[in-house]
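S.K.: Curious how this folds, go ahead:
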Amino acid sequence: MKPITLRIWHWLNALTLLGLLGTVLLRKTFLSWRTNSAVIQEKITAAGGQIDPDLAKKIAQALRDTMWEWHYIFGYALAALFVLRIFVAIRHPETRPNFKALDLHHKLVTGGYVALTLMTLMMIGSGFAMYFSETLGLAKSSVDLMKENHETAMWFFVAFSALHIGGVFVAENRDEPGIVSRMINGRKAD
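M.R.: As a prediction, this is how the structure comes out:
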């Protein structure tokens, strides 16, 4: 039986990661300041007005700032869920796999979860370091490097999510029917 704390953690973590990835997707597409500042300039010019490019950029950035606040909220949620997962692992040692007893496939799956844990820790650390960079007195070059690594590491989460969902679909239809139900109700299928 999967403990309810693990199941709640799993679904909250999934929603949090989707929220984080969603805010990045919005920032890079519909709410890109580069694209939107060009649209602002174009529309004002078409209406017979003029706008300074720096002002158009500031307006475009202001449009995405409210959405970007959600990225920070999801980041705090991810950190809290990371701590919760540690407590779940301590309180429910049965949720930790016995690596030696696993077949090769499940060793690889467990390795993926270990990678997820390490990447999550790195993302939380770099996210908080960037968010508090002024308070921490970090140099702009350090923050730029962290931002680049943070954005590159995001692709791990995209790939992991796709592989996880695909793997669950395959397992559900092959050798582990009821895997989805077990993560919802906690019980193995009879």
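S.K.: what's the domain layout of this structure?
M.R.: The chain breaks down by automatic domain parsing into domains covering 1-96, 99-190.
S.K.: Let's have those in JSON lines, adding mean pLDDT and mean neighbour count.
M.R.: C-betas here are computed from N, CA, C, even on glycine. Formatted as JSON lines, the domains of the chain follow (pLDDT from 0 to 100; neighbours: other CB atoms under 10 Å):
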{"stretch": "domain 1-96", "mean pLDDT": "93", "mean neighbour count": "14"}
{"stretch": "domain 99-190", "mean pLDDT": "92", "mean neighbour count": "13"}
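S.K.: Please pick out the residue of this protein most distant from its centre.
M.R.: Farthest-out residue of the chain from its mean C-alpha position, per CA atoms, centre = their mean: residue 48, at 42.9 Å.
S.K.: Go ahead and report the secondary structure state at that residue.
M.R.: The three-state label given to residue 48 by DSSP: H, G, I helix; E, B strand; the rest coil is coil.
S.K.: Phi and psi next, for it.
M.R.: Main-chain torsions, residue 48, degrees, to the nearest 10: phi 90, psi 10.
S.K.: check contacts around the residue nearest to residue 64 when sequence neighbours are not counted.
M.R.: Excluding its sequence neighbours, the residue lying closest to residue 64 (CB to CB, 6 or more residues apart in numbering) is residue 31, at 3.8 Å. Contacts for residue 31 (CB atoms under 8 Å, 6 or more residues apart in numbering) come out as 63, 64, 67.
S.K.: helix or strand for the last one, which one?
M.R.: Residue 67 belongs to helix 53-91 when assigned by DSSP states H and E.
S.K.: tell me which strands and helices that helix is in contact with?
M.R.: helix 4-28, helix 33-46, helix 104-131 (3 or more CB pairs under 8 Å, 6 or more residues apart in numbering; DSSP states H and E).
S.K.: Nearest approach to residue 153 belongs to which of these?
M.R.: Closest to residue 153 of the helices and strands packed on helix 53-91, according to CB to CB: helix 104-131, at 5.9 Å.
S.K.: any idea how far the nearest residue to residue 188 once chain neighbours are set aside is from residue 13?
M.R.: Using CB to CB, 6+ apart and skipping the chain neighbours, the partner closest in space to residue 188 is residue 182 (5.8 Å). Residue 182 sits 16 Å away from residue 13, going by CB to CB, to the nearest Å.
S.K.: Over to residue 103?
M.R.: Shown here: residue 103 relative to residue 13, a distance of 26 Å by CB to CB.
S.K.: Please apply the same query to residue 164.
M.R.: For residue 164 relative to residue 13 (CB to CB), the value is 11 Å.
S.K.: got it, and residue 88?
M.R.: Distance, residue 88 to residue 13, by CB to CB: 11 Å.
S.K.: what about stretch 44-64, how long is it end to end?
M.R.: Using CA to CA, to the nearest Å, the gap from the first to the last residue of stretch 44-64 comes to 19 Å.
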